[in-house]
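**Student:** Predicted model, plus sequence, below.
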Amino acid sequence: MDGPQADKLIMESIDKNFVDNDEYPQTEKIQERSVNMLARLFNAPEECISMGTATIGSSEAIMLGLLAHKWTWRERRKAEGKDCDKPNIVMGADVHTVWEKFARYFDVELKLIPLREDLYTITADDVAEEIDENTIAVGAVIGTTFTGQMDPIKEINDMLINIKDDKGWDIPIHVDGASGGFIAPFLYPDLLWDFRLEQVKSINVSGHKYGLVYPGVGWIIFKDKSDIPDDLVFNINYLGGNMSNYSLNFSKGSSTIIAQYYNFLRLGFSGYKAIMDIMSLNAKYLAYELKKTGKFEVINKNTTFPVVTVKLKDADFTVFQLSRKLRQKGWIIPAYTLPKNADDISVMRMVIKENFGKDMVDSLLEDIKESYNDLESKNEEIHKNENPSLLY
Ligand SMILES: *Cc1c(COP(=O)(O)O)cnc(C)c1O
């Protein structure tokens, strides 16, 4: 997000409380329009009345999406006269911590599918093994936090349709599109991950990631009105007028919502696409050059999203040391271990953003190579001198 116009708009609305929509009715309209645009971007079928709301980020959005599915499941179980005290949720260990937070805070059993050493997402078969009549939803990610990959959403959807026909369990998918939700529609319009899939009922996306807005704004979009239980929507009248509200927070700022709408109008589909294209090119270039050194293995091989995750091939040092070395040159590149059961694999992740041009990629590459060589020669010295203090 940049430009004096955007900053001015934000400053003009910095004093407005979003919840006061009787006083600021236009802000609510702007939210509705943005929700509508996102529902179209995520290919909601024409016959659906999609609904949604702006949130502080994807975290609040995920909580709201999953709560709705918990309620729907419980209402259905009650109506069938079945017990409803053991809800569970199924997802892979490749999810963001907020999913685990939901399970703990809202008392839902977490069925976390471990990863493998050779695959850092889940499979439809993994999901099939974990679901049962008490599953409120399956979580799937497009653009994972750890490697920038994608769960096989289409395969999971097809498997769930078979289960629905076979056993009568109607299990929704909530797609975590925190990053990928603003990338896939522009770069891969034919990729089936969104509301075109029957079981995908809700999607979250972060406005402050590839939505290109300042923090904090996110969105939860429900495919259809019927996917939000009435019970969870509060109608309040004490601010004047009647308003319905589905959120965890009451008061919040309006400016990021207005900024999101500004970006939608200012950039349009083609503007977003042009930015995503360039980011993707830069990410692919970085991945290609790192691979060419012969020292790194690129984990997200197709580099579908503008994220490059690498592990070291056969170095005498770790990605943690390399990351620390790069910090001395001013680069903050996180190094971490992957989730269970791939947790003996350590990687380094580079997220390519809008303002990260090719000149910066070149300068990063140079610093990575230099740091690598420094560590390598230092390690040789250590072996020679057996003096570990040389290593930081
Ligand atoms: C960043 C992220 C989140 C959390 O989103 P916030 O907008 O920071 O609350 C959740 N899931 C994924 C996959 C993410 O990348």
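**Tutor:** Nice, thanks for sending it over.

**Student:** What segments of the stretch 251-392 of the chain are helices?
**Tutor:** 255-292, 319-328, 358-385 (DSSP state H, counting those that start in this stretch).

**Student:** of these, which approaches the ligand most closely?
**Tutor:** Between the ligand and those, the shortest gap by CB to the nearest ligand atom is with helix 255-292, which sits at 11.3 Å. Glycine gets a C-beta too; all of them are placed from N, C-alpha and C.

**Student:** quick check: angle from that closest one to helix 358-385?
**Tutor:** 50 degrees (axes from the mean of the first three to the mean of the last three CA atoms, to 10 degrees).

**Student:** Which strands and helices lie in contact with helix 255-292?
**Tutor:** In terms of contact count using 3 or more CB pairs under 8 Å, 6 or more residues apart in numbering; DSSP states H and E, helix 255-292 is assigned the packing partners helix 4-12, helix 25-41, strand 51-55, helix 184-187, strand 296-298, strand 307-312, helix 358-385.

**Student:** can you put those in JSON lines and add mean pLDDT and mean neighbour count?
**Tutor:** Compiled in JSON lines, the helices and strands packed on helix 255-292 are given as follows (pLDDT from 0 to 100; neighbours: other CB atoms under 10 Å):
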{"stretch": "helix 4-12", "mean pLDDT": "93", "mean neighbour count": "13"}
{"stretch": "helix 25-41", "mean pLDDT": "95", "mean neighbour count": "18"}
{"stretch": "strand 51-55", "mean pLDDT": "95", "mean neighbour count": "25"}
{"stretch": "helix 184-187", "mean pLDDT": "97", "mean neighbour count": "21"}
{"stretch": "strand 296-298", "mean pLDDT": "96", "mean neighbour count": "19"}
{"stretch": "strand 307-312", "mean pLDDT": "96", "mean neighbour count": "24"}
{"stretch": "helix 358-385", "mean pLDDT": "88", "mean neighbour count": "15"}
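
**Student:** picking that back up, need the helices of the stretch 251-392 of the chain in CSV (columns: distance to the ligand).
**Tutor:** As requested, these are exported to CSV (distance: least, CB to the nearest ligand atom, whole Å):
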stretch, distance to the ligand
helix 255-292, 11
helix 319-328, 19
helix 358-385, 21
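
**Student:** so can I have CSV of those showing distance to residue 71?
**Tutor:** As requested, the helices of the stretch 251-392 of the chain are arranged in CSV below (distance: least, CB to CB, whole Å):
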stretch, distance to residue 71
helix 255-292, 25
helix 319-328, 43
helix 358-385, 46
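
**Student:** looking at these, which is closest to residue 17?
**Tutor:** When these are ranked by distance to residue 17, counting by CB to CB, first place goes to helix 255-292 at 10.8 Å.

**Student:** Please name the residues that touch residue 113.
**Tutor:** Contacts were defined as CB atoms under 8 Å, 6 or more residues apart in numbering; by that measure residue 113 touches 90-93, 122, 126-127, 130.

**Student:** what's the distance between it and residue 100?
**Tutor:** Residue 113 sits 13 Å away from residue 100 when distances are taken as CB to CB, to the nearest Å.

**Student:** Would you tell me which residues of the chain are close to the ligand?
**Tutor:** With CB under 6 Å from any ligand atom as the criterion, the chain comes near the ligand at residues 57-59, 96, 98, 141, 145, 176, 178-179, 206, 218.
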